[in-house]
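**Q** Next come a sequence and a model predicted from it.
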Amino acid sequence: MRRRLPASQDSYKTLKFAWEDVESDLKRQQQLNSKTKELIQQYTFHIQETKLKHRKLRMKFENQLQQLMDQHKHLASVYSPERLPAEVENAEKANEQLLKAEELKLIHLNHLSERTTDTRGPDLRAQSSVGSEEAGCPFQAVDQDAMLKQ
């Protein structure tokens, strides 16, 4: 038995060292696995963030594209060759109306100028003219233009 005891103790020590090696390898492997899981979670989170960011950008782009398409359709309908003569005619009518309104305003302004000149009297008219025809009534040139247009 005494011969077996040292052999058994040697076997026990060998098995104990082997067991400790296996345990340390197991702990190291578990730590490596936990670090790998953390990295996988971080990468998964980063991938989800990137996907969400790309989705938002895609949605924004699609909205801008839709707005541009709608704007293009509107402009195409407004500036179509079929509508061009009607648009030119409308612009000419608007121009004529503005010119007529301008003439009426000038005539009315001339009339008001004459009334104010008449109500001032002869002494005030002489003072306001300051000795020159140009300073006397600035509306005379406008009045002549209005009369020529009529």
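**A** Received the coordinates, thanks. Numbering: from 1, shown residues only.
**Q** Mind naming the longest helix for this structure?
**A** helix 4-78 (DSSP state H).
**Q** Now the helix or strand that it is followed by: buried residues?
**A** Next helix or strand after helix 4-78 toward the C-terminus (DSSP states H and E): helix 84-120. The neighbour-count check on helix 84-120 (16 or more other Cβ atoms under 10 Å) flags 106-107, 110, 113 as buried. For every residue, glycine as well, the C-beta is placed using N, CA and C.
**Q** related to what we said a few turns ago, from the chain's centroid, how far away is the longest helix of the chain?
**A** 38 Å (Cα atoms, centre = their mean, to the nearest Å).
**Q** and this structure, what are its domains?
**A** 1-79, 88-150 (automatic domain parsing).
**Q** tally of neighbours for Lys73?
**A** By other Cβ atoms under 10 Å, the residues close to Lys73 number 10.
**Q** for the one 3 residues further on, same thing?
**A** Under the neighbour criterion other Cβ under 10 Å, Ala76 is assigned a count of 9.
**Q** tell me the contacts of it?
**A** By Cβ atoms under 8 Å, 6 or more residues apart in numbering, no residues touch Ala76.
**Q** That one and Val88: what is the separation?
**A** 18 Å (Cβ to Cβ, to the nearest Å).
**Q** tell me the most buried of the domains of the chain?
**A** domain 88-150 (a mean of 11; mean count of other Cβ atoms under 10 Å).
**Q** for that domain, what is the average pLDDT?
**A** Domain 88-150 carries an average pLDDT of 74.
**Q** tell me the centre residue of the chain?
**A** Geometric centre of the chain, nearest residue: Gln64, 10.1 Å, by Cα atoms, centre = their mean.
**Q** ok so, going back, also compute the angle for the longest helix of the chain relative to helix 84-120, please.
**A** Orientation check (axes from the mean of the first three to the mean of the last three Cα atoms, to 10 degrees): helix 4-78 against helix 84-120 gives 70 degrees.
**Q** and Gln9, how far is that from Thr50?
**A** For Gln9, the distance to Thr50 - Cβ to Cβ - is 61 Å.
**Q** And Met69, by the same measure?
**A** For Met69, the distance to Thr50 - Cβ to Cβ - is 28 Å.
**Q** ditto for Glu92
**A** 58 Å.
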